[in-house]
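In: Okay, sequence plus prediction incoming.
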Amino acid sequence: MTTRSASTAVAEAAAEAGVDAEFGADLVSAVALLRRLPRHRDQVGDARRMVADWSSAHPRRRPELVVDSPPGDLRVGYDLVLAHPEGGSVALTGQTEDGVPWSIEYSTHFAANRLLSVNERSLSVPSALFTIRALNRRDPTLHRQLVDYCLLWDQVFDEDEAATAQELAAAADTFRRGRGLHSRAATLEWLADVGLSERAFATHIEFVARIERFRRNFKAEHAAGHLRAHLADFDRVDAVWVRAADSKALDDFAAARTPADLLTCPGRRTGDTRQVGEVQLTMDRRWALDLPAPLRSLAAGELAGPVPEAGQVILGGVRGREAATEADPAALARAGEAALTEWLAEQRAKAEIRWHWL
């Protein structure tokens, strides 16, 4: 039995179609080129240089390299588009693995490489996976974190001003410290573990630095106004509260008439946050806006509850309250954070959000 190579089959097909011999030979050469191209994401630049060299030797073909970056994969696929001698063009697809052309493999879903779009900004699956690892967990809801990332990304994407060396260094240092990466070797090992190149890491840090600059400028611009408009939210409040799955679990506290009574009920212990049986007891000093909602506006000595709160039942009170002032630097900084949080909530409410895979 006679066997034919892929290159021979291409040449014979070209000859049968009446195509000139030079084009047939170019097709054979192009197939061989496709099979030699490096397949790692970091090597796409090398592949483009190889195609440019091939183009110099075959100028009539005017080759164009089309690169596919499959979601969640460090390998890439290629199409090579060639000019046909009779006009128009032909495309060759080369895969060294399962042989399924990427244009067919992903044709069943218009957003095969996208996880999420917010307004006109789309987040690819690989970017989302890395973003999940890299985000500072400012918000407990993962979906909200991704939406907020898109909203912030959109604010800086078209900026002409690149991040400064100092901003890049600060962003990289914050990223590394947050993951216990205290040396270049540790950072490179982490990147290898998550399948990320140094170039991709640098690109991510560039956007992190730009986003952090936007956050910093936004807070500086809006902090004073937000503090002035919501001054009571930034009172420092000493509070104590107990929470449980249902009100029956709080029966031991039925006799409480003051916040101090919550600390002296039989069998209860004081502390920052303690789980005692079915009841969690917390005693803390916080900004008023960071307290459970039923306690935020209470005056010193007042109690509230038992009332539903965050899927549980809460009973609590305020032991002391220190009024905020507009001159307090700590209150001003917290007001900046609150202003940004409020702005992001407004942007989420207005945004057109599409989850492509959820």
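Out: Looks like it came in fine.

In: can you give me the helices for the stretch 101-250 of the chain?
Out: Taking DSSP state H, counting those that start in this stretch as the test, the helices found in the stretch 101-250 of the chain are 102-105, 125-134, 142-156, 165-178, 184-194, 198-229.

In: between those helices, which one is nearest to residue 44?
Out: Taking CB to CB, helix 198-229 is the member of the helices of the stretch 101-250 of the chain nearest to residue 44, at 10.5 Å. Where C-beta positions appear, they are placed from N, C-alpha and C, glycine not excepted.

In: tell me which residues of the closest one are tucked away?
Out: By 16 or more other CB atoms under 10 Å, the buried positions in helix 198-229 come out as 200-201, 204-215, 218-219, 222-223, 226-227.

In: circling back to that earlier point, CSV for the helices of the stretch 101-250 of the chain, including distance to residue 311 and mean pLDDT?
Out: Formatted as CSV, the helices of the stretch 101-250 of the chain follow (distance: least, CB to CB, whole Å; pLDDT from 0 to 100):
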stretch, distance to residue 311, mean pLDDT
helix 102-105, 43, 55
helix 125-134, 25, 62
helix 142-156, 17, 85
helix 165-178, 30, 90
helix 184-194, 34, 85
helix 198-229, 29, 90
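
In: Turn these into JSON lines, columns for distance to residue 81.
Out: JSON lines is the format used below for the helices of the stretch 101-250 of the chain (distance: least, CB to CB, whole Å):
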{"stretch": "helix 102-105", "distance to residue 81": "12"}
{"stretch": "helix 125-134", "distance to residue 81": "25"}
{"stretch": "helix 142-156", "distance to residue 81": "32"}
{"stretch": "helix 165-178", "distance to residue 81": "37"}
{"stretch": "helix 184-194", "distance to residue 81": "33"}
{"stretch": "helix 198-229", "distance to residue 81": "26"}
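
In: among those helices, which is nearest residue 118?
Out: When the helices of the stretch 101-250 of the chain are compared by CB to CB, helix 142-156 sits nearest residue 118, at 3.9 Å.

In: Can you say which of the helices of the stretch 101-250 of the chain is nearest to residue 62?
Out: helix 102-105 (20.2 Å).

In: tell me the strands in the stretch 1-150 of the chain, going along the chain?
Out: With DSSP state E, counting those that start in this stretch applied, the stretch 1-150 of the chain shows strands at 64-68, 77-83, 89-94, 114-118, 121-124, listed in chain order.

In: Nearest to residue 278 among those would be which one?
Out: Once the strands of the stretch 1-150 of the chain are compared by CB to CB, strand 114-118 is nearest, at 39.1 Å.

In: pLDDT averaged over the closest one, what's the number?
Out: Here strand 114-118 scores 70 as its mean pLDDT.

In: Repeat that for stretch 340-350.
Out: Mean per-residue pLDDT for stretch 340-350: 94.

In: and of the strands of the stretch 1-150 of the chain, who's closest to residue 250?
Out: Closest of the strands of the stretch 1-150 of the chain to residue 250 is strand 114-118, at 41.2 Å (criterion: CB to CB).

In: Would you quantify the distance from residue 215 to residue 208?
Out: Here residue 215 is placed at a distance of 10 Å from residue 208 (CB to CB, to the nearest Å).

In: same check, this time on residue 196
Out: In terms of CB to CB, residue 196 sits 13 Å off from residue 208.

In: How about residue 236?
Out: Distance, residue 236 to residue 208, by CB to CB: 32 Å.

In: tell me the domain ranges of the chain?
Out: Following automatic domain parsing, one gets these domains for the chain: 6-105, 114-229+346-355, 236-322.

In: Of those domains, give the one that comes closest to residue 334.
Out: Proximity to residue 334, assessed across the domains of the chain by CB to CB, is greatest for domain 236-322 (5.7 Å).

In: what's the span of the closest one from first residue to last?
Out: Domain 236-322 has an end-to-end distance of 5 Å (criterion: CA to CA, to the nearest Å).

In: Please apply the same query to stretch 155-162.
Out: 13 Å.

In: Tell me the buried residues in it?
Out: Within stretch 155-162, the residues that qualify as buried are 155-156, counting by 16+ other CB under 10 Å.

In: Distance from that stretch to the middle of the chain?
Out: A distance of 18 Å separates the centroid of the chain from that of stretch 155-162, by CA atoms, centre = their mean, to the nearest Å.

In: Show residues contacting that stretch.
Out: Residues outside stretch 155-162 that contact it (CB atoms under 8 Å, 6 or more residues apart in numbering): 121, 206-207, 210-211, 213-214.

In: Make TSV out of these and add distance to residue 302.
Out: Shown next, in TSV, are the contacts of stretch 155-162 (distance: CB to CB, whole Å):
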residue	distance to residue 302
121	46
206	50
207	46
210	45
211	41
213	43
214	40
